[in-house]
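Colleague: coords please:
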Amino acid sequence: MTGWDGLTGRDGVVGRDRTAGREGQSLVEALADARDQPDGPDRAADLERVARHADALGDTARSLQARVELIETYLRQDEQWRLFDPVRHCLDTLDRARVDEPPSPDDLVATMRRYQRYAVEAMLGTPRVGLAQGWAMLDDLVRRSSPAGDRAPVPVDGPDAGTVPAAAAETGPVAELDAAADAGPAPGPHTANAPGPLPGPDTSGEPDPVPGLDTAADAGLVSGPYTASAPGPVPGLDTAANAGPATWLDKATDAGPVPGLDEVGGQVVAGLRCRIADHVGDEPAARRWYERWRTAEPDPASGCVGCLPVRRAELLAGWGDHRGALAELGPVLAGTVDCTDQPAAALAVALLPWLRSGEPHRAAAGHVRAYRRHRREWSAFGYLAAHLRFCALSGNPARGLAVLAEQLPRLDRAPDDRRAMEFAAAGALVCAVAAEAGLAAQRIHRPAYGTRPAADLDVGALGADLLAVATALAGSFDARNGTGHQSGRIAGWLAERPTGPAVPLPADGPDSDGSDIGGPDGDGPHGSRPAGGKPHGATQDVPGDRAPGDDYGQDVLGGTSDVEPMPLSLSMITATLDSRGDGYAVDATGTVLGRWGSAVIQFQRIGERGDILQARVAAVRRLPATRRAEAYRFCNAWNHDRLQPRAYVHDLGNGELVLAGDVNTDLAYGVAPVQLAVLVDAAVTTATAYADAVAALG
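Modeller: All right, here's what the predicted structure looks like:
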C-alpha cells in the first residue's frame, strides 16, 4: 500500500464525497475495473478517464484515487516523464479540497514531495519535459516543503545564478506563465516563462520534431523508437506562484519543519539542483549543491538511503574524481546499507573508478558479479552502459560484443532517452574498440522493431547505427537545454581507449572460463552460450578474453565453489544469493525474502531437520475476490502445463486474492553449493515467469 492509499483510501475519502446515487456508484465501479487491469496503456487511459469524470462530477476522492493509481502505474512502467499532469492535478485538487478529517501531515507531505521529486527527475531522463516545467515543479516542491509553506527559490544573484541557460526559456510561450512572470514571480533562475513540451496520456496527433533528433532521422541515421520523441507543448501549465492561497496542505507544516529541510529545501532539493546543474553542464554550481546534498539532514523524500551514495558517486566519477566516487560507495560496498539494488548498482558505478585508480582486478570482479544480476533485470538497464564501457576500456572487446549482442534488443524499449543515449554510446565505443582489435568482421543480430527489419550487422555497421542514436539523443537534450554539454559528454566517451594491458576476467561460475556470459536456460537475456561456443546474438565465434589459468578473480569473489555435498544451511542460501548479486532480507526465523520484478520470493528451510528447501512466490498483482473462479482456472491451467511452481490461490480476507506458488526440494542427503546455485536460479526464473503471467491477466 502506498502512502497515497492512506491519504485517499481505497474505501476512504479526502473530503466529504458530495456525489451520491448511481453516478457516484458507477465511478466506484469504473475505478475498481481500471485498478484491476494489468499495467499498460489501457490501464492508464481508463484511470485518466475515471479521473476526468470525477473532476466533472466534483468527486475529489475518486479524482485523487484515480490519479494516484495513474502515478503509480507510470512509475512501475518507468515512465516518469508522464507524471507532470497527474501530479499537478493532485496538488491542485488538494489545494481546492475542503478536508474534514485530514490525514497525518507527515505522511501527506512526504508522499507529495516524493511524487514531485519523481516528476522533477523526469526532465533528466528525456527532452520531452521542458526545463521550465521541471523548475516550476521544483519551486513548488520547495514551497510546500518549507516550514512557512511559501519559500521562494534561491535568488538569481546567488552563488548558483546561471545554472539554467537563458536559451532554455525560449521553448515556446505559455499564457499563464507569461502572466505570472508579468505579475512579478520570485526571482531566481527558475522564472523562465516557457515550459517545454509535456506529453501525457491525452496527447494526440503527431509529435513535433525535436531539433537534432528528427533531423538525423530524416537523414536515415536513426532507426527504432527514437526518431521522434517530443510531442507539442501543452498550454495552461501553472507556476507555483499561481497555486492559490495557502490551504490545509500548507498549514500542515506550520507545526514545525519537515525533517531534512534547510534554507533551500533540504536534502531532496539540494540533490535535484545538483543533478540538474550537472545535466546542463554547470559543474561549479553542481559541486556547490553536491556539498549541500551530502551534508544535509536525511529526508525521506530523497529516496532510498542505499541509492543516494550511488547517485552521488556517479556525479563524482563524471567529474573525474574517482577516489571521491569510491569513498562515497564505501559504505554501500561494505554492506552497511539495506537496499535491494545493492551492492550490484554500486559495483557497476565503481567499475571505471576502480579501473582508473589502479585497481583493475576489483573492477573485473565487480563487473562479473554485478552483471550476473543486471543482465536479468529490466530496471537495471541504466547500468548496462557502465558494463559496456568497462569491457571496452579494460581491453575486453570480445566480452563487450557478447554483452552488447545479448542486451541489444532492450535498447528499442529503453525506459527513457538518457539511458538509451548512454547505452548506445557505450555500445558504439565497444564496436570501435573491437574493430581496432581485429574483430570488425564479427556480425551481431539486431532484431526487428517497428518498421525496421531484422538484420545481421557487422561491428562497423552496428557501431555507426548506435553512434547515430547516441548523438541524435544528445543533440535533442542540448537543444532543449541550450548547451552542448550532453553532446560533448558523449563525444568524450567515444574518444576513450584502453590505457593499459587487458584486464583478465574472473571465472563467471565454477564451470565457466569467464567468457561465457550466459545463464541456465539458453535463451534470451537469461540464456547461456548455445552449442557451438557463440554468445547469444552472435553469428560468428567470439574469441575468449581471458588467458588460460587466469583464476585470481576467485579470490576477489570469495573463493571457488565447493562441489562436495553438505547440509543445507541459511549461510549457503545467502551466499548463493550474494554470488548472484541479489538483494534480500533475513527475518528472525531465518527466512530469506526478496523481490524480483513482479514476484516476491522467500527461501526457507522446512521439515523436522530443516533439510527441505522451500521457495515460495507471491505475485505482486492481486485480484479481487469477485474473480475467484478465474484465479482458480489460471492456477489449474498453470499446474497442468508447468512443473514449477505449484500454483494456488490465497484469500487475504479483505476482498483481495493473492496468487502464490511454491517449490519444495528434499535435500536430506545434502547439497553442493554449485547444486544449490542451480536450484535457486531455477526457482527465481520460474517464480518470476509465474508472477509475470499473473500480471498479464486481462
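Colleague: could you report the neighbour count for the nearest residue to F603 once chain neighbours are set aside?
Modeller: Excluding the flanking residues, the one nearest F603 by C-beta to C-beta, 6 or more residues apart in numbering is V592, at 4.4 Å. Quick note: C-beta positions are derived from backbone N, CA and C, even for glycine. V592 has 21 neighbouring residues, counting by other C-beta atoms under 10 Å.
Colleague: measure V592 to V694 for me?
Modeller: The gap separating V592 from V694 is 22 Å, by C-beta to C-beta, to the nearest Å.
Colleague: circling back to that earlier point, which phi and psi does the residue nearest to F603 have?
Modeller: phi -100, psi 130 (degrees, to the nearest 10).
Colleague: got a list of what it touches?
Modeller: L570, I573, T574, L577, Y584, A585, V586, Q602, F603, Q604 (C-beta atoms under 8 Å, 6 or more residues apart in numbering).
Colleague: A strand includes I71, no?
Modeller: No. Going by DSSP: H, G, I helix; E, B strand; the rest coil, the assignment for I71 is helix, not a strand.
Colleague: what number of residues lie near it?
Modeller: 24.
Colleague: quick one: buried residues of stretch 626-642?
Modeller: R627, A631, F634, C635, W638 (16 or more other C-beta atoms under 10 Å).
Colleague: what about the longest strand in this structure?
Modeller: Assignment by DSSP state E gives strand 612-624 as the longest strand of the chain.
Colleague: against which helices or strands is the following helix or strand past that one packed?
Modeller: Once strand 612-624 ends, the next helix or strand along the chain (criterion: DSSP states H and E) is helix 628-641. Contacts defined by 3 or more C-beta pairs under 8 Å, 6 or more residues apart in numbering; DSSP states H and E place helix 628-641 against strand 646-651, strand 656-666, helix 673-695.
Colleague: now do 6 Å
Modeller: Packing partners of helix 628-641 (3 or more C-beta pairs under 6 Å, 6 or more residues apart in numbering; DSSP states H and E): strand 646-651.
Colleague: packing partners for the strand it packs on?
Modeller: Strand 646-651 packs on helix 628-641, strand 656-666, going by 3+ C-beta pairs under 6 Å, 6+ apart.
Colleague: and that strand, which residues are buried?
Modeller: In strand 646-651, counting by 16+ other C-beta under 10 Å, buried: R646, A647, Y648, V649.
Colleague: could I get the helices and strands packed on strand 646-651 as JSON lines with distance to G460 and mean pLDDT?
Modeller: What follows is the helices and strands packed on strand 646-651, written out as JSON lines (distance: least, C-beta to C-beta, whole Å; pLDDT from 0 to 100):
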{"stretch": "helix 628-641", "distance to G460": "45", "mean pLDDT": "88"}
{"stretch": "strand 656-666", "distance to G460": "46", "mean pLDDT": "91"}
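Colleague: list the buried residues of whichever strand or helix holds L593.
Modeller: Take DSSP H and E as the rule and L593 turns out to sit in strand 592-596. By neighbour count with 16+ other C-beta under 10 Å, strand 592-596 contains the buried residues V592, G594, R595, W596.
Colleague: I'd like these as TSV, with distance to G382 and pLDDT appended.
Modeller: Conversion of the buried residues of strand 592-596 to TSV gives the following (distance: C-beta to C-beta, whole Å; pLDDT from 0 to 100):
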residue	distance to G382	pLDDT
V592	27	94
G594	20	92
R595	18	92
W596	18	90
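Colleague: and the gap between V269 and E283?
Modeller: Counting by C-beta to C-beta, the gap from V269 to E283 is 19 Å.
Colleague: repeat that for R621.
Modeller: 44 Å.
Colleague: same thing with P447?
Modeller: On the measure of C-beta to C-beta, P447 and E283 end up 39 Å apart.
Colleague: between those two, tell me which one has more neighbours.
Modeller: Comparing P447 with E283 by other C-beta under 10 Å, the one with more neighbours is E283, at 15 against 12.
Colleague: the nearest residue to that one once chain neighbours are set aside - how many residues pack around it?
Modeller: Leaving aside its sequence neighbours, E283 sits nearest to W319 (C-beta to C-beta, 6+ apart; 6.3 Å). Residues lying near W319 (other C-beta under 10 Å) number 15.
Colleague: phi, psi for W319 please.
Modeller: phi -90, psi 0.
Colleague: so which residues of the chain form strands?
Modeller: Using DSSP E, the strands of the chain run over 443-446, 455-458, 585-586, 592-596, 599-606, 612-624, 646-651, 656-666.
Colleague: helices and strands around the longest one, which ones?
Modeller: For strand 612-624, the contact count by 3+ C-beta pairs under 6 Å, 6+ apart identifies strand 599-606, strand 656-666, helix 673-695 as packing neighbours.
Colleague: of all these, which one is nearest D458?
Modeller: If you check each of the helices and strands packed on strand 612-624 against D458 by C-beta to C-beta, helix 673-695 wins as the nearest, at 32.9 Å.
Colleague: was I right about A474 contacting Q486?
Modeller: Yes. Judged on C-beta atoms under 6 Å, A474 makes contact with Q486 at a distance of 4.2 Å.
Colleague: tell me where the model's unsure across the stretch 201-350 of the chain.
Modeller: Scanning the stretch 201-350 of the chain for pLDDT under 70 picks out the ranges 201-265.
Colleague: now with 90?
Modeller: Applying pLDDT under 90 to the stretch 201-350 of the chain flags the ranges 201-268, 296-306, 335-342.
Colleague: and the helices in it?
Modeller: Ranges of helices in the stretch 201-350 of the chain, per DSSP state H, counting those that start in this stretch, are 214-218, 248-251, 266-280, 283-295, 308-318, 322-333, 344-356.
Colleague: nearest to L393, out of these?
Modeller: Comparing those by C-beta to C-beta, helix 344-356 comes nearest, at 6.3 Å.
Colleague: could you check the angle the closest one makes with helix 308-318?
Modeller: Interaxial angle of helix 344-356 relative to helix 308-318 (axes from the mean of the first three to the mean of the last three C-alpha atoms, to 10 degrees): 30 degrees.
Colleague: counting by contacts, list what helix 344-356 packs against.
Modeller: For helix 344-356, the elements it packs on are helix 308-318, helix 322-333, helix 360-374, helix 384-393, judged by 3+ C-beta pairs under 6 Å, 6+ apart.
Colleague: tell me the mean pLDDT over stretch 504-522?
Modeller: Computed over stretch 504-522, the mean pLDDT rounds to 50.
Colleague: same question, stretch 128-144
Modeller: pLDDT averaged over stretch 128-144 gives 87.
Colleague: output it as PDB, nothing but the C-alphas.
Modeller: The C-alpha coordinates for stretch 128-144 follow below in PDB (Å, rounded to 0.1, in the frame of the first residue of the first chain):
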ATOM      1  CA  ARG A 128      10.200  15.600 -23.700                       C
ATOM      2  CA  VAL A 129      10.000  17.500 -20.400                       C
ATOM      3  CA  GLY A 130      10.900  21.200 -20.600                       C
ATOM      4  CA  LEU A 131      13.400  22.700 -18.200                       C
ATOM      5  CA  ALA A 132      10.900  25.400 -17.200                       C
ATOM      6  CA  GLN A 133       8.300  22.700 -16.300                       C
ATOM      7  CA  GLY A 134      10.800  21.000 -14.100                       C
ATOM      8  CA  TRP A 135      11.900  24.200 -12.400                       C
ATOM      9  CA  ALA A 136       8.300  25.200 -11.800                       C
ATOM     10  CA  MET A 137       7.600  21.800 -10.100                       C
ATOM     11  CA  LEU A 138      10.800  22.100  -8.100                       C
ATOM     12  CA  ASP A 139       9.900  25.600  -6.900                       C
ATOM     13  CA  ASP A 140       6.500  24.300  -5.800                       C
ATOM     14  CA  LEU A 141       8.300  21.400  -4.000                       C
ATOM     15  CA  VAL A 142      10.400  23.900  -2.100                       C
ATOM     16  CA  ARG A 143       7.300  26.000  -1.200                       C
ATOM     17  CA  ARG A 144       5.400  23.000   0.000                       C
END
